[in-house]
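Asks: Let's see this in three dimensions:
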Amino acid sequence: MVIELRVVGTAAAAALMTALAGCAEGTERAEAEEAQPTVLESAADKTAGRDVESSPEGGEDGPGDGAAEASDPTPVPASSEGPAQDWPAPEPPEEIYAPTEEGAEALLQYWFDARHYARITGETAPLEEVSHEDCEMCRAELELVRDVFANDGWYVSDSDVVKDIHVRLESSKIASGLFILKESKFEYYWNQEKQGISRHNKVGAYQFKFRYVGDQWRVIHSNNIEL
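Replies: Residues are numbered from 1 along each chain as shown. Next up is the predicted model:
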């Protein structure tokens, strides 16, 4: 847009220059105001209020981190009231993954710990993991536990203790030997009623055979020896 200006006389020219200067100053001020950066509310500013509200001192979300994280349940042992609840599974020892005498020896106690865990909880996965598919004794133990728990039953017992272990490697894949087992007294329930009790602290001599399959030892056979 072209504006034609005709300046007549010095006074008129001065007045016109003053007016133009004022217009220019106003334009610059308006442009400067438009160029100011917009201040956004930061994430910290947005969450500051919530942090205060959810703090332990009476916030809406209750106590601090402890409320957000569910506490671990307390293990309940097996009793006449029912099977064990939230009972920790036995940890397999690292030695059972090595094809050595030490690995075979470590499997013995772990297998009986896994059997005890299955009896009091009904969870048979740890026992299955270290039992060879050809182990008849293992299969009988697993089937018995499953039958008991399928009929509203369970076991109440302490862990068995393995001692005096003698191991011999027949090859890189087969181990055999002897051991003494001290079996703890146990009770078992069927249809939520007590059915029987074992002899207290039974001690017996046993022989065993293990096979190294894949990357770990597994029980393939074990039986009592009459002394």
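Asks: Can you name the residues that contact Ala104?
Replies: Val167, Leu169, Ala175, Gly177, Phe210, Trp217 (CB atoms under 8 Å, 6 or more residues apart in numbering). Glycine gets a C-beta too; all of them are placed from N, C-alpha and C.
Asks: Apart from its chain neighbours, what residue comes closest to it?
Replies: Distance criterion CB to CB, 6 or more residues apart in numbering; nearest residue to Ala104, sequence neighbours excluded, is Ala175 at 3.8 Å.
Asks: Show the contacting residues for Leu169.
Replies: Thr100, Glu101, Ala104, Ala175.
Asks: go on, Lys182?
Replies: Applying CB under 8 Å, 6+ apart to Lys182 gives the contacts Asp160, Val161, Val162, Lys163, Asn201, Lys202, Val203.
Asks: Redo the residues you listed as CSV? Include distance to Thr74.
Replies: Shown next, in CSV, are these (distance: CB to CB, whole Å):
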residue, distance to Thr74
Asp160, 25
Val161, 26
Val162, 29
Lys163, 31
Asn201, 29
Lys202, 31
Val203, 33
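Asks: Which of these are buried, as a ChimeraX select command?
Replies: Buried residues within the contacts of Lys182, by 16 or more other CB atoms under 10 Å, are selected in ChimeraX with:
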select :160,162
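Asks: I'd like to know which of the contacts of Lys182 are part of strands.
Replies: Mapping the contacts of Lys182 onto strands (DSSP state E) picks out Val161, Val162, Lys163, Lys202, Val203.
Asks: Assign a three-state SS to the closest residue to the third one other than its chain neighbours, would you?
Replies: Going back to what we said before, that points to Lys163. Spatially, and ignoring its direct neighbours in sequence, Lys163 is nearest to Ile180 (5.2 Å; CB to CB, 6+ apart). Using DSSP: H, G, I helix; E, B strand; the rest coil, the structure places Ile180 in strand.
Asks: Quick one: residues contacting Ile180.
Replies: Counted by CB under 8 Å, 6+ apart, Ile180 has contacts Val162, Lys163, Asp164, Val203, Gly204, Ala205, Tyr206.
Asks: mind listing what's buried in stretch 210-227?
Replies: Phe210, Arg211, Tyr212, Gln216, Trp217, Arg218, Val219, Ile220, His221, Ser222.
Asks: Could you do stretch 143-150 as well?
Replies: Val145, Val148, Phe149.
Asks: Mind putting the residues you listed into TSV with distance to Lys194?
Replies: TSV is the format used below for the buried residues of stretch 143-150 (distance: CB to CB, whole Å):
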residue	distance to Lys194
Val145	17
Val148	12
Phe149	15
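Asks: Nearest to Gln109 among those?
Replies: Here the nearest of these to Gln109, counting by CB to CB, is Val145; it sits at 18.8 Å.
Asks: Report the separation between the residue lying closest to Ala106 once chain neighbours are set aside and Val156.
Replies: Once flanking residues are discounted, Ala106 sits nearest to Glu95: 3.8 Å by CB to CB, 6+ apart. According to CB to CB, to the nearest Å, Glu95 stands 30 Å off from Val156.
Asks: next one: Ala150
Replies: 18 Å.
Asks: low pLDDT regions in this protein?
Replies: 1-70, 199-201, 227 (pLDDT under 70).
Asks: so where do the strands sit in it?
Replies: Here the chain has its strands, by DSSP E, at 154-157, 161-169, 174-183, 186-190, 193-197, 202-213, 216-225.
Asks: okay, the ones you listed in JSON lines with distance to Phe112 next?
Replies: Shown next, in JSON lines, are the strands of the chain (distance: least, CB to CB, whole Å):
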{"stretch": "strand 154-157", "distance to Phe112": "11"}
{"stretch": "strand 161-169", "distance to Phe112": "6"}
{"stretch": "strand 174-183", "distance to Phe112": "7"}
{"stretch": "strand 186-190", "distance to Phe112": "12"}
{"stretch": "strand 193-197", "distance to Phe112": "19"}
{"stretch": "strand 202-213", "distance to Phe112": "10"}
{"stretch": "strand 216-225", "distance to Phe112": "10"}
